[in-house]
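S.K.: I need the structure of the sequence given here:
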Amino acid sequence: MKLKTFVFKGVLLLLTIMLFFVTFLITIQMVTGEKLELTLAMQIFYGTILLTDVFALSALSSVYRMVTLIGHKQAFSHQILPLVAKLNRQLLLMSLSFCGILPFVYQIVQNEDAPGVMILGLMLVAIPFSLVVFGKIVEELFKQAVNLKKEQDLTI
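M.R.: The predicted structure follows:
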């Protein structure tokens, strides 16, 4: 079990490093872009990326705490329920903030005359919303598992 939690924590660390790297690249592009015209859509895009990164880092820290609890064999305890609810809220905030890329995508669609790009942009926005639905399912499963464990402890 220790090896599995170590691997999970390593993957979470790798995701955090990748998130910082992508944010760093976008920030460098924003600061050093010579011909880059800062329209309102671009400003909303950069703000959206930074806000989504904050929510993603917060969600990664919640997942890290959950993996730590699982490593201590407390996966179905009352301590994990607030973490799962917090993770679900963070995913919802992340998905709502990610809607801010749509003006940028729309500007690309108008400039390049490529309506298929809008479908890709909508798919990118739909991914975090599907994670919210998955998070709600996981939250309900954890609630039921904690209740079943409590009933089992009372039976014995």
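S.K.: can you point me to the longest helix in the chain?
M.R.: Counting by DSSP state H, the longest helix found in the chain is helix 116-155.
S.K.: What is that helix packed up against?
M.R.: Helix 116-155 makes packing contacts with helix 80-97, helix 102-112 when contacts are defined by 3 or more C-beta pairs under 8 Å, 6 or more residues apart in numbering; DSSP states H and E. From N, CA and C alone the C-beta is placed, and that goes for glycine too.
S.K.: nearest to Phe20, of those helices?
M.R.: With respect to Phe20, and counting by C-beta to C-beta, the nearest of these is helix 80-97 at 15.9 Å.
S.K.: for the closest one, which positions count as buried?
M.R.: Under the neighbour-count criterion of 16 or more other C-beta atoms under 10 Å, helix 80-97 has 80, 83-97 buried.
S.K.: Taking helix 116-155 as reference, get the angle to that helix.
M.R.: Interaxial angle, helix 80-97 versus helix 116-155 (axes from the mean of the first three to the mean of the last three C-alpha atoms, to 10 degrees): 170 degrees.
S.K.: from the middle of its chain, how far away would helix 80-97 be?
M.R.: Averaging C-alpha coordinates over helix 80-97 and over its chain gives two centres that are 8 Å apart (C-alpha atoms, centre = their mean, to the nearest Å).
S.K.: Same question for stretch 130-144.
M.R.: Centre-to-centre, stretch 130-144 and its host chain are 14 Å apart (C-alpha atoms, centre = their mean).
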